[in-house]
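Participant: Fold the following and give me the result.
(one chain, ligands or ions: 3)
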Amino acid sequence: MGKFQVIDHPLIQHKLTIIREKECGTKVFREVVDELAMLMAYEISRDMPTENIEIETPIQLTTQKTLAGKKVAIVPILRAGLGMVDGILQLIPAAKVGHVGLYRDEETLEPHEYFVKMPEDIDSRQLLVVDPMLATGGSAIMAIDSLKKRGASNIKFVCIVSAPEGVKALQEAHPDVDIYTAALDDYLNEDGYIVPGLGDAGDRLFGTK
Ligand SMILES: O=P(O)(O)OC[C@H]1O[C@H](OP(=O)(O)OP(=O)(O)O)[C@H](O)[C@@H]1O
Ligand SMILES: O=c1cc[nH]c(=O)[nH]1
Ligand SMILES: [Mg+2]
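Facilitator: Ligands and ions are numbered 1, 2, ... in the order given. Predicted structure coming up:
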């Protein structure tokens, strides 16, 4: 089973409380999602492999560490995942970005795919699939299915708020995928929204409601 980690750093908890508040407007919501993604990327990249290289400082030759291993691609699930891309790119600026467009049918809660554009070499990259919300898990599962069909195998899923139902479903469907979240909330309500949650992340990011 992949790792499941709640990244409960005080700065992350504080910022998450800001965007949970219903009075938080689009500008602040967008800025804080960006900051949260950057802080989460710092923690998620903790296990990145390093290797020794020889360099010359102004003083002498020395052996020091540099990043090794697989290069990264960030894969936001549209739309709301887009809000997390820039924050991660601040820490991993050479990452490529692939996009998976999904919307959740408001009645059935089933996800529907409407767009996929991936870097050609996703099979050799560490993929960070990002979406602020993991609710039923349907969207994350479909996005990861779609990536695996295209050859991806090394996948981490990064969300801001998760529901126990979605975590369980994603773990069952993709037990090889590590899941990182800033908060594990209580449950899903009858409309498929996370409780207490933060509402509809896409609408709040883009001001569409
Ligand atoms: O775990 P699930 O039950 O699948 O729900 C989570 C999905 O729902 C939201 O997207 P939405 O369909 O609202 O699209 P949007 O990002 O374009 O608003 C959210 O951003 C996730 O992608
Ligand atoms: O609470 C939820 C559940 C799904 N998608 C959202 O944006 N919010
Ligand atoms: Mg939405």
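Participant: Get me the contact residues on this structure for ligand 3.
Facilitator: 200, 202 (Cβ under 5 Å from the ion). The way it works is simple: take the backbone N, C-alpha and C, and place the C-beta from them, glycine included.
Participant: repeat that for 8 Å
Facilitator: 79, 80, 103, 104, 133, 200, 201, 202, 203 (Cβ under 8 Å from the ion).
Participant: give me every residue that touches the second one.
Facilitator: The neighbours of residue 80, taking Cβ atoms under 8 Å, 6 or more residues apart in numbering as the test, are 131, 132, 133, 201, 202, 205.
Participant: now, which of those residues sits nearest residue 140?
Facilitator: The closest of the contacts of residue 80 to residue 140 turns out to be residue 131 (Cβ to Cβ; 6.4 Å).
Participant: ok, that closest one to ligand 1 distance?
Facilitator: Distance, residue 131 to ligand 1, using Cβ to the nearest ligand atom, to the nearest Å: 5 Å.
Participant: Give me the distance from the longest helix along the chain to the chain's centre.
Facilitator: Scanning the chain for the longest helix, with DSSP state H as the assignment, gives helix 26-44. Helix 26-44 has its C-alpha centroid displaced from the chain centroid by 11 Å (Cα atoms, centre = their mean, to the nearest Å).
Participant: what about the nearest residue to residue 78 once chain neighbours are set aside, is that helix, strand or coil?
Facilitator: Distance criterion Cβ to Cβ, 6 or more residues apart in numbering; nearest residue to residue 78, sequence neighbours excluded, is residue 101 at 4.0 Å. Here residue 101 is recorded as strand under DSSP: H, G, I helix; E, B strand; the rest coil.
Participant: now do residue 139
Facilitator: At residue 139, secondary structure determined by three-state DSSP is helix.
Participant: any idea how far it is from residue 114?
Facilitator: Residue 139 sits at a distance of 12 Å from residue 114 (criterion: Cβ to Cβ, to the nearest Å).
Participant: Please identify every residue contacting each of those two.
Facilitator: With Cβ under 8 Å, 6+ apart, residue 139 and residue 114 have common neighbours residue 102.
Participant: Could you check which of the two is surrounded by more residues?
Facilitator: Each of residue 139 and residue 114 has its neighbours counted (other Cβ atoms under 10 Å); residue 139 has more, 28 against 10.
Participant: Could you pick out the residues of this protein near ligand 2 for me?
Facilitator: By Cβ under 6 Å from any ligand atom, the part of the chain that sits against ligand 2 consists of 80, 133, 135, 192, 193, 194, 197, 200, 201, 202.
Participant: Would you state the strands of the protein in chain order?
Facilitator: Using DSSP state E, the strands of the chain run over 4-6, 50-56, 61-67, 71-78, 96-97, 99-104, 111-117, 125-130, 133-134, 155-162, 178-184, 187-188, 194-195.
Participant: would you turn the ones you listed into JSON lines with distance to residue 41?
Facilitator: JSON lines is the format used below for these (distance: least, Cβ to Cβ, whole Å):
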{"stretch": "strand 4-6", "distance to residue 41": "13"}
{"stretch": "strand 50-56", "distance to residue 41": "17"}
{"stretch": "strand 61-67", "distance to residue 41": "13"}
{"stretch": "strand 71-78", "distance to residue 41": "9"}
{"stretch": "strand 96-97", "distance to residue 41": "13"}
{"stretch": "strand 99-104", "distance to residue 41": "18"}
{"stretch": "strand 111-117", "distance to residue 41": "22"}
{"stretch": "strand 125-130", "distance to residue 41": "8"}
{"stretch": "strand 133-134", "distance to residue 41": "17"}
{"stretch": "strand 155-162", "distance to residue 41": "8"}
{"stretch": "strand 178-184", "distance to residue 41": "10"}
{"stretch": "strand 187-188", "distance to residue 41": "27"}
{"stretch": "strand 194-195", "distance to residue 41": "22"}
